[in-house]
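Participant: Sequence and predicted model, in that order:
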Protein chains: 2
Amino acid sequence: MDMIEKTLCSEYIYKGRILNLRKDKVEIPDANGKTSTREIVEHKGAVAIVAIDMDGRIILEKQFRKPAEDILIEIPAGKLEENEKPECCAYRELEEETGFIPGSLKHLTTIYTSPGFTNEVIYVFMATNLTTGKLNPDEDERIDLIYVTPDEAVAMINRGEIRDAKTIVGILTAKQFI
Amino acid sequence: MDMIEKTLCSEYIYKGRILNLRKDKVEIPDANGKTSTREIVEHKGAVAIVAIDMDGRIILEKQFRKPAEDILIEIPAGKLEENEKPECCAYRELEEETGFIPGSLKHLTTIYTSPGFTNEVIYVFMATNLTTGKLNPDEDERIDLIYVTPDEAVAMINRGEIRDAKTIVGILTAKQFI
């Protein structure tokens, strides 16, 4: 079955700091020229890191998230800068947010966070053999670090205490290797 | 540490079909009145279903996703209607997209897809004891169904063939029960 939706026209509604919003008019395949509208949030992409410390614990962050109006528990993560390689971003973000530098970095998977409306992808890594670097959180971020064993992290997912998608993906895919 | 960001003002940029976009000016806690801007995509939320057929296989969908400009492999999912309960939405969407009615439905977890910029939550369920109902896909959706064993689904995640966050969360959390 032909599935590709041809773009008939595309219009930007907003160009912002971390995202753009555009509206595409598309032709539905095999539907006699029927069209539909797609609302699309453009995002530059991000990385997220399952970092394992010397005691075998996973480093998690508690952070207030304005869209959720709640404090969420997440793995360290951050947005890609212009032309930045995901691996370089992972080194940078982990050190900035936790003060640890990965001795080795393994790519676990790359996810679309919500492909119905956004092109955002997150490159998910596992970091091990951590050494001490320098904390340097963003000026507008307030982050508390917590350290849990992999089994406790899985229990937190099952109890609904960890609700962030990239964090669940990271922990459950890393679990095969730790 | 105080983490809650107080909203100083909030402005809608766009109100659309599946999402709204607003900009909030917020006060950063413990920062001498320092402020920041949050770009927030409002979404009504959705459900996703790991459906297990009579042969123990997981039902997956291949679907073109305009934001990704690619055909992705996902579990059945759909947006919540106004005042619709997630469980009711799961029954409705699974039947519409696959033609199967769940005999029993188990809540696996509820995820924030990308809490840095959107309030979207997805209620993730596992459906078993399926009976045959009536296919009724949306007019602007083209979906191919595929059936894979749970082990094959995990292998598809590890090979990077399944890249949708809710699908990875659903399969890996359901895996404990199947």
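Facilitator: Now that the structure is in, tell me what you want to look at. Numbering: from 1, shown residues only, chains lettered A, B, ... in the order given.
Participant: use CA for all of it now, contacts and neighbours both
Facilitator: OK.
Participant: From the centroid of chain A, which residue is nearest?
Facilitator: In chain A, the centroid-proximal residue (Cα atoms, centre = their mean) is residue A:122; its distance is 4.1 Å.
Participant: what about it, which SS state?
Facilitator: strand (DSSP: H, G, I helix; E, B strand; the rest coil).
Participant: what is it paired to in the beta sheet?
Facilitator: residue A:46, residue A:111 (DSSP bridges).
Participant: Could you do residue A:148 as well?
Facilitator: residue A:58.
Participant: same question, residue A:126
Facilitator: Note on residue A:126: beta-bridge partners by DSSP bridges are residue A:50, residue A:106.
Participant: Can you get me a residue count around it?
Facilitator: 23 (other Cα atoms under 10 Å in any protein chain shown).
Participant: what's the pLDDT at it?
Facilitator: We have a pLDDT of 98 for residue A:126.
Participant: And the one 4 residues further on, by the same measure?
Facilitator: pLDDT, the model's per-residue confidence, is 98 for residue A:130.
Participant: List the contacts of it.
Facilitator: The contact partners of residue A:130, by Cα atoms under 8 Å, 6 or more residues apart in numbering or on different chains, come to A:51-54, A:100-104.
Participant: Against residue A:80, how distant is it?
Facilitator: Counting by Cα to Cα, to the nearest Å, the separation of residue A:130 from residue A:80 is 21 Å.
Participant: Scan chain A for its longest helix.
Facilitator: helix A:86-98 (DSSP state H).
Participant: how about stretch A:150-163: buried residues?
Facilitator: Within stretch A:150-163, the residues that count as buried by 16 or more other Cα atoms under 10 Å in any protein chain shown are A:150, A:153-154, A:156-157, A:162-163.
Participant: ugh, wrong one, I meant stretch A:66-80
Facilitator: A:66-68, A:72-80.
Participant: Residue A:155 falls within a helix, correct?
Facilitator: Yes: the assignment for residue A:155 by three-state DSSP puts it in a helix.
Participant: Which ones, among the contacts of residue A:130, also lie beside chain B?
Facilitator: When contact is defined as Cα under 8 Å from any Cα of the partner chain, the contacts of residue A:130 do not meet chain B at all.
Participant: Compare those and tell me which is most surrounded.
Facilitator: residue A:51 (29 neighbours).
Participant: What does the pLDDT read for that one?
Facilitator: pLDDT at residue A:51 comes out at 98.
Participant: so where do the strands sit in chain A?
Facilitator: A:6-15, A:19-27, A:35-43, A:46-51, A:58-65, A:70-74, A:77-79, A:100-101, A:104-112, A:121-128, A:131-132, A:143-148 (DSSP state E).
Participant: Which of those sits closest to residue B:136?
Facilitator: Across the strands of chain A, residue B:136 has its closest neighbour in strand A:35-43 (17.8 Å, Cα to Cα).
Participant: I'd like the distance from the closest one to the chain centre, please.
Facilitator: Chain-centre distance of strand A:35-43: 20 Å, with Cα atoms, centre = their mean, to the nearest Å.
Participant: outside of that strand, which residues touch it?
Facilitator: A:18-28, A:117-120, B:16-19, B:66-67, B:140.
Participant: confidence score at the residue of chain A most remote from its centre?
Facilitator: The outermost residue of chain A relative to its centre, with distances by Cα atoms, centre = their mean, is residue A:32 at 38.4 Å. Per-residue pLDDT puts residue A:32 at 87.
Participant: can you tell me how far it sits from residue B:140?
Facilitator: Distance, residue A:32 to residue B:140, using Cα to Cα: 12 Å.
Participant: just to revisit the earlier point, any idea how far the longest helix of chain A is from the middle of the chain?
Facilitator: Centre-to-centre, helix A:86-98 and its host chain are 13 Å apart (Cα atoms, centre = their mean).
Participant: quick check: mean pLDDT across it?
Facilitator: The pLDDT scores in helix A:86-98 average 97.
Participant: Buried ones in that helix, by neighbour count?
Facilitator: Within helix A:86-98, the residues scored as buried using 16+ other Cα under 10 Å are A:86-87, A:89-98.
Participant: and of the residues you listed, the nearest to residue B:5?
Facilitator: Distances from residue B:5 to the buried residues of helix A:86-98, taken by Cα to Cα, are shortest for residue A:97, at 18.9 Å.
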